[in-house]
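Undergrad: Only the shape, not the letters, is given here:
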């Protein structure tokens with residue numbers, strides 16, 4: 001008797017072997033642990049970069065504070081120069097102002113409230 005051997009191609013790509021419950025549990029534990037570590041790293045990185053941004057903001061604010069202090073100093077010097085009595089006397093002399101004589105100026109003891117004058121229309125009789 002003669003024997004024939006035939007080769008039959010079987011497609012096993014659709015077969016899925018069921019996983020053991022212990023292996024699935026171990027897999028999900030590893031996924032959870034990896035996710036927790038990744039979350040911790042992301043939080044650390046976020047805080048680190050936020051700290052760097054705050055340092056840049058602080059540096060910019062300190063720079064503007066220094067500029068503001070210098071401008072404030074310059075403005076105080078200008079005010080002091082403008083309030084200088086010698087300078088005021090020089091400009092007063094240029095426009096012809098003189099020092100008042102005693103008795104020329106009398107202080108007012110009246111009220112300091114502002115009074116608004118009212119205008120009334122005067123009616124003239126018609127001829």
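TA: Looks like it came in fine. Since this is a predicted model, take the numbers as computed values, not measurements.

Undergrad: Now the most centrally placed residue in the chain: which helix or strand?
TA: Geometric centre of the chain, nearest residue: residue 57, 8.9 Å, by C-alpha atoms, centre = their mean. Per DSSP states H and E: residue 57 is located in helix 21-82.

Undergrad: Let me know the average pLDDT across that helix.
TA: Across helix 21-82, the average pLDDT comes to 96.

Undergrad: and the helix or strand that that helix is followed by, what other elements does it pack with?
TA: Counting by DSSP H and E, the next helix or strand C-terminal to helix 21-82 is helix 85-94. If you count contacts as 3 or more C-beta pairs under 8 Å, 6 or more residues apart in numbering; DSSP states H and E, helix 85-94 packs onto no helix or strand. Quick note: C-beta positions are derived from backbone N, CA and C, even for glycine.

Undergrad: average pLDDT across helix 85-94?
TA: Averaged across helix 85-94, the pLDDT comes to 87.

Undergrad: and residue 19, how many residues sit next to it?
TA: 10 (other C-beta atoms under 10 Å).

Undergrad: how about the residue nearest to the centre of the chain, what does it touch?
TA: The contact partners of residue 57, by C-beta atoms under 8 Å, 6 or more residues apart in numbering, come to none.

Undergrad: For it, give its distance to residue 50.
TA: Using C-beta to C-beta, to the nearest Å, one gets 10 Å for the distance from residue 57 to residue 50.

Undergrad: Would you mind listing the residues in contact with residue 60?
TA: Here residue 60 is in contact with no residue (C-beta under 8 Å, 6+ apart).

Undergrad: gap between it and residue 12?
TA: The gap separating residue 60 from residue 12 is 66 Å, by C-beta to C-beta.

Undergrad: Could you measure from residue 41 over to residue 47?
TA: Separation of residue 41 from residue 47 (C-beta to C-beta): 11 Å.

Undergrad: let me fix that: residue 27
TA: From residue 27 to residue 47 the distance is 31 Å (C-beta to C-beta).

Undergrad: hmm, back to that, now the helix holding residue 57 and helix 85-94, what's the angle there?
TA: 50 degrees (axes from the mean of the first three to the mean of the last three C-alpha atoms, to 10 degrees).
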